[in-house]
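S.K.: What would the 3D arrangement of this be:
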Amino acid sequence: MKKTTSLLLVALWLPAGLAVAQAQPTKKTTPPKTAVTASAPLAALFDDYWEARGKLFPLGATSQGDNRYNDQLPNDQTRAFRQQQQRFYQQYLTSLQKFNRARLSADDQVSYDIFEYEMQSRLNGLKQNTWMMPFAQFYSLPNTLGQLGAGTGAQPFKTVQDYDNWLARVSKFPVWADSAIANFRQGMRAAVVLPRVLVLKTIPQLQAQVTADATQSLFYGPITRMPASFSEADKARLTEAYKQAIGTQLVPTYRKLAEFMQAEYLPQARTSTGLDAVPGGADMYRYNVRLMTTTDRAPEAIYQTGLSEVKRIRAEMEAVKTQVGFEGDLPAFFTFLNTDPRFTPYKTPEDVLNAFRMIQAKIAPNLPKLFGRTPKSQFEIRQTEAFRAATASAEYNRGTPDGSRPGIFYVPILDATTFNTTSGMESLFAHEAIPGHHYQLSLQQENTSLPKFRRFASYPAFSEGWALYCESLGPELGLYNDPYQKIGALGDEIHRAIRLVVDVGMHAKNMSREEAIKYMMANEPISEQGATAEIERYMAIPGQALAYKTGALKLRELRARYEKQLGTRFSLRAFHDEVLAGGSMPLAVLERKLDAWAARQLK
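M.R.: Just a heads-up that it's a prediction; the model follows:
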């Protein structure tokens, strides 16, 4: 079976280009209470930053429901743009550090720490040479434009102005592509190139957008769904303009990119697996580990944690195998789970979607026991669009704060008759949907008391750590009563433990792609196709896969700490509410915040 776990990213993935620096320790000074003030100037700084950030990163603004810049597409592939970012982040870091942190309120201190961490991270990331690898199959502006331009994503197509905004945005794509090709060529000269296997997966994605008939392009989708309220003149004008944009801008650009990748780049792509195989790659990987885990843990320590977790979870899988009376070894049990017809009962995509809706109904009565706060945002379960389903994982796309777009749990269903019930459907729903990403992201962006940079922040160790932690809440949510759903949940958990081993293994310990695939298949119920897709994802985005287990283990550690400290005063519901109250943040900042919460419970 194919593992379907998300790649949760904010707006566009910036490939390994956002650095991490640990929030600086602060002096333990206790100023007089009269010195602690609510800082209007600090709030103004944060507001000013957020406004400027939307202009600098208009695609990010669009994804968050800010539609003021929907006609813009900056050429972020230029040296000038990187220099502009450097000045931008340094300016705000300098302004922040003029404040006396010790004199701020507790809430403002948390905001200070997160903001300082973010500015330092961004600045350090700009020192990396990953701009020489502008996109691959998992981080790709060409793919993002497909999602936006299909008319079913974050880019709105409700008014005539919306339609014109998109035309203006895509008109800048050819220049962006030329700059991306120039960066790829610099990478070729410096030997900072993508692995060949990733290039082979990227080329078909580009070729899929090359259509002779504009009306058959996914970018024609908004025309087929044009509001009836548009005037006949606007309908005619926009229809022709979209055909022109597809035929003269989009298709030629996708063709140029595909031909470049096929004819020029592929022959020079590397046969090696890990990032440490390129010049400076070892430093890039250590940086990525810090970025994605928000910790200073060494890759080797993370690798050892992975081995330990794999061993522990395998023992639990053996227990389930014994419970259901299977007499073969664990690999044989995995084969049974993947091949027995009883586990593929579905006939249509709607059958699969309905099964997930039944899971939602099952957990609904138990949610109030675990959460005092629930999102206002609406929630939907949808099938992943056909154009990207082949390379997509199940994922959650956040809604907009104003409710105009719901949070959406996307499920890729290539063939419903092969969709396996033991793939961990219950744990997947707990992770991607409710209470995982939907609760965390919705509550965060609905919290208008937070500065906007926190309302829309995403630190994978927190966001993905929370979602994986939510999988462990299965029994408390009324899930995993079926041993085959339990084995699916264990499969999902061991999958994240395996990631610690193979990600570090490939990028820091000379593990090959083939060895990583073999290790994954030996330790979880996953098909070769599914394992290959996962391993190639880790090759494309080094370090990202480490975030899940790192964050979940930290949350489990903190929960156990406070259960012991607080005894009968510990409320699991209050703990969850406090974790989610401040939004996504680096783990060290979260720990300080929760320690302060626990201290208040003891008073």
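S.K.: Residue 288: neighbour count?
M.R.: 28 (other C-beta atoms under 10 Å). C-beta coordinates here come from the backbone N, C-alpha and C atoms, glycine included.
S.K.: One more: residue 476?
M.R.: The number of residues near residue 476, taken as other C-beta under 10 Å, comes to 13.
S.K.: again with the one 4 residues further on
M.R.: Neighbour count of residue 480, defined by other C-beta under 10 Å: 21.
S.K.: which residues does it contact?
M.R.: Residues near residue 480 by C-beta atoms under 8 Å, 6 or more residues apart in numbering: 426, 427, 474, 486, 489.
S.K.: And these, which is closest to residue 561?
M.R.: residue 474 (22.0 Å; C-beta to C-beta).
S.K.: you'd agree that closest one is up against residue 492?
M.R.: No - Residue 474 lies out of contact with residue 492 (C-beta atoms under 8 Å); the separation is 10.0 Å.
S.K.: who's more crowded, these two?
M.R.: residue 492 (26 against 22).
S.K.: how's the protein carved up into domains?
M.R.: Per the TED database, the structural domains of the chain span 40-284, 289-548.
S.K.: For the shortest one, the averaged confidence score.
M.R.: Yep, that's domain 40-284 we're talking about. Domain 40-284 shows an average pLDDT of 96 in the prediction.
S.K.: Going by secondary structure, residue 181 is in what exactly?
M.R.: Here residue 181 sits within helix 173-190, counting by DSSP states H and E.
S.K.: what packs against that helix?
M.R.: Counting contacts by 3 or more C-beta pairs under 8 Å, 6 or more residues apart in numbering; DSSP states H and E, helix 173-190 packs against helix 141-149, helix 251-259.
S.K.: Okay, buried residues for that helix please.
M.R.: Residues of helix 173-190 classed as buried: 173, 176, 177, 178, 179, 180, 181, 183, 184, 187, 188 (neighbour count, 16 or more other C-beta atoms under 10 Å).
S.K.: mind giving me TSV with the contacts of residue 480 and columns for distance to residue 253?
M.R.: As requested, the contacts of residue 480 are arranged in TSV below (distance: C-beta to C-beta, whole Å):
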residue	distance to residue 253
426	43
427	40
474	46
486	48
489	44
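S.K.: wait, which of these is closest to residue 274?
M.R.: residue 427 (29.3 Å).
S.K.: still on that earlier bit, got CSV for the contacts of residue 480, with pLDDT too?
M.R.: Output for the contacts of residue 480, formatted as CSV (pLDDT from 0 to 100):
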residue, pLDDT
426, 97
427, 97
474, 97
486, 96
489, 96
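S.K.: got a winner among those residues for most neighbours?
M.R.: That'd be residue 427 among the contacts of residue 480, by other C-beta under 10 Å, with 29 neighbours.
S.K.: what sits against residue 536?
M.R.: 137, 197, 198, 201, 513.
S.K.: The third one: neighbouring residues, count only.
M.R.: A total of 21 residues lie near residue 198 under the criterion other C-beta under 10 Å.
S.K.: List the residues that contact residue 174.
M.R.: Neighbouring residues of residue 174 by C-beta under 8 Å, 6+ apart: 249, 252, 253.
S.K.: Thank you, goodbye.
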